[in-house]
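> curious how this folds, go ahead:
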Amino acid sequence: MLLDLTIAIPARNEEKNLPMCLDAIGTDLARQVVVIDSGSTDRTREIARVHGAEVVDFVWNGKFPKKRNWYLRSHTPTTKWVLFLDADELLTDEFKAELRETLGRNENKVGYWLRYTIYFLGKQNKGGYFLHKLALFQVSAGEYERIDEDQWSKLDMEIHEHPVLTGEIGTIRSKIDHKDLRGVSYYVTKHNEYSNWEAARYLKLTSDTQAAQQWSWMQKVKYGLMQTPWLGPIYFLGSFFLMGGFRDGTRGFSFAILKMAYFTQTYLKIRELKQAEKATLAQTKSKQTEPVV
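Numbering: from 1, shown residues only. The predicted structure follows:
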């Protein structure tokens, strides 16, 4: 029996990952599977259609909404539930069984946190922090948080924005496999872009005193550490030692180092942006105080 569910897969040039993603979903799980494509130049669209998925085209104008919110607003799913799945995420049999059981119970929940295993250098990590996202929710319960942009990032899809939902949130404990086949170079490039976005977002958030008052304690800790060089080393120590990343040997060590580098890049980019803001402000004041001849 098909679940009252739409699985939405944002994509751009995902011909390597998408076949495994769609195969893992299968044809007997969801009423609708949609690939939201951003101008792929490879076989992404062809692969989606061969697997029976609908394809919708997205062209970002550099402003709100980005891809996921655009889909929710412009192609609102007719199903009760929507699951946003990346093309490098594979639904496991255990996850699908728990998903069926959970949605079949009709609990008083409007969304669910999902947990993910991480694959690095072709193998599943045994230790380190696991990934979790609020990626399954009722269509009527809300949308991703609004962060206004004016093309200050080149990312056309919500990255670390969370859905803002009205109602109780649950957790599905069976994990989804996060298994990107595009290698270390892609990983590094992607996280360089993410750190640009994270630094710009940090400055916007910290300048909004009203929004800062609504932060959770976890956000307060994160953003407090983000303006220091310590977030990266703290992540490394927590991931490699406390969360057992050492169980993956040199592979786990390298993964923790990469994540530490990501947070350190973000800190340095925040410093650069602050310095640029100060320089612009000083230049403006200097012009204002120049005597009129």
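
> got the residue ranges for the strands in this structure?
3-11, 30-37, 54-57, 81-84, 89-90, 111-120, 123-124, 131-138, 142-144, 163-165, 169-178 (DSSP state E).

> what about the stretch 101-250 of the chain, any weak spots by pLDDT?
The stretch 101-250 of the chain contains residues with pLDDT under 70 at 150-153, 211, 214.

> which among the strands of the chain is found nearest to E193?
strand 3-11 (14.9 Å; Cβ to Cβ). No exception for glycine: its C-beta is placed from N, CA and C like everyone else's.

> so what does H51 have for phi and psi?
For H51, the backbone dihedrals are phi -90, psi 0 (criterion: degrees, to the nearest 10).

> hang on, isn't W197 packed against L155?
Yes. Here W197 reaches L155: they are 5.5 Å apart, a contact under Cβ atoms under 8 Å.

> more crowded one of the two?
W197 (20 against 15; other Cβ atoms under 10 Å).

> circling back to that earlier point, so which of the strands of the chain is nearest S286?
strand 142-144 (41.0 Å).

> list the neighbouring strands of that closest one plus their orientation.
strand 163-165 (antiparallel) (DSSP bridges).

> check which residues of the strand it pairs with are buried.
163, 165 (16 or more other Cβ atoms under 10 Å).

> now do that strand: distance to the chain's middle.
Centroid displacement of strand 163-165 relative to its chain, using Cα atoms, centre = their mean, to the nearest Å, is 14 Å.

> likewise for stretch 189-197?
12 Å.

> same thing with stretch 232-249?
So, by Cα atoms, centre = their mean, the centroid of stretch 232-249 is 22 Å from its chain's centroid.

> of the strands of the chain, which stretch is the most buried?
Among the strands of the chain, ranked by average contacts under mean count of other Cβ atoms under 10 Å, first place goes to strand 81-84 (a mean of 24).

> pLDDT averaged over that strand - what is it?
For strand 81-84, mean pLDDT is 98.

> what's the answer for stretch 264-278, then?
Across stretch 264-278, pLDDT averages out at 93.

> ok, now stretch 89-98?
On average, stretch 89-98 scores 98.

> now do the buried residues in it.
In stretch 89-98, counting by 16+ other Cβ under 10 Å, buried: 89-91, 95-96, 98.

> restrict that stretch to CA atoms and write it as PDB.
Extracted as PDB, the C-alpha positions of stretch 89-98 are listed here (Å, rounded to 0.1, in the frame of the first residue of the first chain):
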ATOM      1  CA  GLU A  89      20.600   9.600   0.600                       C
ATOM      2  CA  LEU A  90      19.300   6.000   0.400                       C
ATOM      3  CA  LEU A  91      16.200   4.700   2.200                       C
ATOM      4  CA  THR A  92      17.100   1.500   4.000                       C
ATOM      5  CA  ASP A  93      14.600  -1.400   4.500                       C
ATOM      6  CA  GLU A  94      14.600  -0.700   8.300                       C
ATOM      7  CA  PHE A  95      13.800   2.900   7.700                       C
ATOM      8  CA  LYS A  96      11.000   2.200   5.300                       C
ATOM      9  CA  ALA A  97       9.500  -0.400   7.700                       C
ATOM     10  CA  GLU A  98       9.500   2.100  10.600                       C
END
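
> dump the strands of the chain into a markdown table; add distance to A282 as well.
Shown next, in a markdown table, are the strands of the chain (distance: least, Cβ to Cβ, whole Å):
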| stretch | distance to A282 |
| --- | --- |
| strand 3-11 | 41 |
| strand 30-37 | 44 |
| strand 54-57 | 45 |
| strand 81-84 | 43 |
| strand 89-90 | 47 |
| strand 111-120 | 44 |
| strand 123-124 | 51 |
| strand 131-138 | 41 |
| strand 142-144 | 37 |
| strand 163-165 | 38 |
| strand 169-178 | 45 |
